[in-house]
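Student: coordinates only, no sequence provided:
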Ligand code: BGC
């Protein structure tokens, strides 16, 4: 149950959002949820992970590959496309369990019959370069069907073109599209092969369905479109089936010639056949789900939304490369320049840490590989150490421009300070690496570059900080916190708390590295010896100002003088809006001079350091900041859900959880700013939905030693079941209101302690089932 997302009508105004909703992918590439007859106008895209290009002086963005699945069907000379003919019936669906996309469309034929076209496809999780698809046609009357299928190289680009020297050739029945990217001249090759099993029924006089196949490249209409034409007689009541295979390679991953790799892969895929490929793909998905599926008993709607959120994370997780991370819009296109933000560490990493530490490692290694870019950015601004890119691509240099938003009133680019002032990004990276070590115990990442990253980030903060001689404290001035509507503020509570943690981690990492890898430590420490290093970090840590709760109101001021800003309700602020796309932040932004914030800021900090603050403090700040939060970012609502669960009021959090978990199902998020498409999938929200369910409502918290389980389940939820991997050992948690069952896999190498409902920790040994029941006062 609850493994299928579907809809049963065709609505042209949902083409774009369905492209996101019905995404398939495998971390190497993403294939938007388009129909087979769609072209670039419908935002068809095969987005490749980790390969970027810049065309002219436009924004650098990821590269989209040609679409080898492009297909248009006609019947008795009439094109059967939802774009041209209103279908009699139409279903589009996604099976989350197996990651297979399906469509079934019924068209009326000229002769008054009904022709049913089905197509299913998947992006192989087993062979990451391969896409496979299967079509069927069935008609209630005899008719003649024509299929035009092949390669559509008219790719959708926001800031393209990126594929130069495009060429499509026909090579012994296969189509091969080759091109090079403009900037790095990386080859991109896509090969396609179609198999028409239709011709199997051969009679003495030829095929019994009068088949005519014209292979080869038809370039007379469009040089970027290579189609083979096939026509045949369809007999009423019979079903005709055919398959296609596509292989994608680039200069980043193919040793030797990507074109040859694509051709040989597509041929071997066709040799394995659709059913064989599907079975291998299905097995991989089964294995992925066994490590990550989260079962909510008692709430079907939440179950589907959560599973869907997890699905979205699984289709973009980088399994094959530690040089690739997850962009803010996943692999759903080129929006936000395909850039990696803090979203990865703070919103997606927790899911991978609990379910797939290998992917978590890849994500953190990506930051290690991009350290030089972060060093260049720090140096560019006159600082020491590593200032990570706000928008990071392949090199780690910042893709964020100084003018990232257009003013809708003047049309002029607006100066924004995302790039210059969101200094918390480096601390977010440090936090991520430390969480990785905490969950896996794998401190080899420190020796593999992690310690260098951590110390370079700490050095950056030391060089950025201001020592206030009168107050005798270090302060962080002129920063932007998570709430982007208030730029260039002083002592943002979130930023200061994260920097404090980064400095602590810098010191602890030194001890850990010295204990475990003394030779690496000695060498590195020598290179840092000129300072600032451990002595300076210690001194700054001891004197760093971190805003604390006011003793009376219990409120933490988001930044210096925040409480002096105009008090206005969100409704009142909205009534001041002149243009629906106007930006609320920046110099003249509506929110800038008020207490209205874009997204969770103080509450996010309270949630990250939940052990440091009392329930009363958390509740007071939740109640103060929530009504003042616009939730203008999809990173916001999940944090209020998490914090509400932590406070012990899950029903306050439930609507925020649902809003987060359904963002890509409903498509209810901003799609355009002016004429700029900003839609796409929302992986941070997907990760946030998982966090709210598991870390929030199920109350799972691991400190590197003990797992505490303090559930606060929403009204309808009976239990949450979730698998977790801690320090390489696997456990299944079944968390109910009154009882928790922890089952350890027999093959586990480590025992882990679990403490449920505020009780004492109990060790769960390999193969053991631990039952923890709620402790009632009257039991005494
Ligand atoms: C949010 C940022 C986020 C970015 C990418 C912005 O709207 O304010 O916090 O990192 O989107 O998701």
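Tutor: Nice, I can see it. All figures in this text were calculated on a predicted structure; none of them were measured in a lab.
Student: so which bits of the stretch 551-700 of the chain are right by the ligand?
Tutor: Neighbours of the ligand within the stretch 551-700 of the chain, by C-beta under 6 Å from any ligand atom: 598, 599, 633, 635, 684. No exception for glycine: its C-beta is placed from N, CA and C like everyone else's.
Student: and the contacts of stretch 533-540?
Tutor: The contact list for stretch 533-540 (C-beta atoms under 8 Å, 6 or more residues apart in numbering) reads 455, 458, 459, 461, 462, 465, 474, 503, 506, 507, 510, 525.
Student: what residues of the host helix or strand of residue 242 count as buried?
Tutor: Residue 242 belongs to strand 239-250 when assigned by DSSP states H and E. The neighbour-count check on strand 239-250 (16 or more other C-beta atoms under 10 Å) flags 240, 241, 242, 243, 244, 245, 246, 247, 248, 249, 250 as buried.
Student: list the helices and strands that strand packs on?
Tutor: strand 46-53, strand 130-139, strand 143-152, strand 187-195, helix 258-292 (3 or more C-beta pairs under 8 Å, 6 or more residues apart in numbering; DSSP states H and E).
Student: indicate which one of those is closest to the ligand.
Tutor: Among those, the nearest to the ligand by C-beta to the nearest ligand atom is strand 46-53 (16.3 Å).
Student: mind listing the strands that closest one pairs with, and their directions?
Tutor: Paired neighbours of strand 46-53 in the sheet (DSSP bridges): strand 29-31 (antiparallel), strand 61-65 (antiparallel).
Student: could you list the buried residues of that strand?
Tutor: 46, 47, 48, 49, 50, 51, 52, 53.
Student: so where's the stretch 551-700 of the chain shaky on pLDDT?
Tutor: Residues of the stretch 551-700 of the chain that meet the criterion pLDDT under 70 lie in 671-677.
Student: so where do the helices sit in it?
Tutor: Per DSSP state H, counting those that start in this stretch, the stretch 551-700 of the chain carries helices over the ranges 570-575, 602-608, 615-625, 637-647, 650-661, 663-666, 683-690.
Student: quick one: distance of the first one to the chain centre.
Tutor: Offset of helix 570-575 from its chain centre (C-alpha atoms, centre = their mean, to the nearest Å): 31 Å.
Student: report the secondary structure state of residue 128.
Tutor: Recorded secondary structure, residue 128: coil (DSSP: H, G, I helix; E, B strand; the rest coil).
Student: neighbours of it, just the number please.
Tutor: Neighbour count for residue 128, taken as other C-beta atoms under 10 Å: 19.
Student: with residue 475 instead?
Tutor: Residue 475, neighbours per other C-beta under 10 Å, totals 18.
Student: who's it bridged to?
Tutor: Going by DSSP bridges, residue 475 is paired in beta bridges with residue 466.
Student: swap in residue 169?
Tutor: What pairs with residue 169, by the bridge criterion (DSSP bridges), is residue 176.
Student: surely residue 192 touches residue 248?
Tutor: No. Counting by C-beta atoms under 8 Å, residue 192 sits too far from residue 248 to count as a contact (10.0 Å).
Student: ok, which pair from the buried residues of strand 239-250 is furthest apart?
Tutor: 240 and 250 (34.8 Å; C-beta to C-beta).
Student: one step back: in TSV: the buried residues of strand 239-250, plus pLDDT and distance to residue 769.
Tutor: What follows is these, written out as TSV (pLDDT from 0 to 100; distance: C-beta to C-beta, whole Å):
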residue	pLDDT	distance to residue 769
240	95	53
241	95	48
242	95	50
243	97	46
244	97	48
245	98	46
246	98	46
247	98	46
248	98	45
249	97	47
250	97	48
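Student: could I get those residues as JSON lines with distance to residue 540?
Tutor: JSON lines is the format used below for these (distance: C-beta to C-beta, whole Å):
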{"residue": "240", "distance to residue 540": "72"}
{"residue": "241", "distance to residue 540": "68"}
{"residue": "242", "distance to residue 540": "66"}
{"residue": "243", "distance to residue 540": "62"}
{"residue": "244", "distance to residue 540": "60"}
{"residue": "245", "distance to residue 540": "58"}
{"residue": "246", "distance to residue 540": "54"}
{"residue": "247", "distance to residue 540": "53"}
{"residue": "248", "distance to residue 540": "48"}
{"residue": "249", "distance to residue 540": "48"}
{"residue": "250", "distance to residue 540": "44"}
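Student: near the ligand too, which of those?
Tutor: Within those, nothing lies near the ligand by C-beta under 6 Å from any ligand atom.
Student: nearest to the ligand, of those?
Tutor: residue 250 (25.3 Å).
Student: the closest one bridge partners, please.
Tutor: Beta-bridge pairing for residue 250 (DSSP bridges): residue 188.
Student: I figured it hits residue 188, correct?
Tutor: Yes. Residue 250 is in contact with residue 188 according to C-beta under 8 Å; the separation is 5.0 Å.
Student: give me the common contacts of these two.
Tutor: 48, 51, 63, 258.
Student: enumerate the residues of the stretch 251-400 of the chain near the ligand.
Tutor: 328, 341, 342, 343.
Student: now for those: which two are most distant?
Tutor: So for those, where distance means C-beta to C-beta, the most widely separated pair is 328 and 342, at 9.4 Å.
Student: possible to save the contacts of stretch 533-540 as TSV with distance to residue 58 and secondary structure?
Tutor: Listed next are these as TSV, based on distance: C-beta to C-beta, whole Å; DSSP: H, G, I helix; E, B strand; the rest coil:
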residue	distance to residue 58	secondary structure
455	36	helix
458	36	helix
459	34	helix
461	34	helix
462	37	helix
465	36	coil
474	41	strand
503	39	helix
506	39	helix
507	44	helix
510	43	helix
525	44	helix
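Student: ok, the residues you listed vs residue 182, which is closest?
Tutor: Using C-beta to C-beta, these come closest to residue 182 at residue 459, 36.1 Å.
Student: burial of the residue in the stretch 151-300 of the chain that the ligand sits nearest to, as a residue count?
Tutor: Closest residue of the stretch 151-300 of the chain to the ligand, C-beta to the nearest ligand atom: residue 158 (15.8 Å). Number of residues near residue 158 (other C-beta under 10 Å) recorded here: 20.
Student: in this protein, which residue is most central in space?
Tutor: residue 683 (3.1 Å; C-alpha atoms, centre = their mean).
Student: surely that residue is in contact with residue 314?
Tutor: No. Counting by C-beta under 8 Å, residue 683 stays clear of residue 314, with 10.6 Å between them.
Student: the helix or strand encompassing residue 505 and the ligand, any residue contact?
Tutor: Using DSSP H and E, residue 505 falls within helix 493-516. No. Judged by C-beta under 6 Å from any ligand atom, helix 493-516 stays clear of the ligand, getting no closer than 11.2 Å.
Student: pull out the buried positions in that helix.
Tutor: 493-507, 509-510, 512-513.
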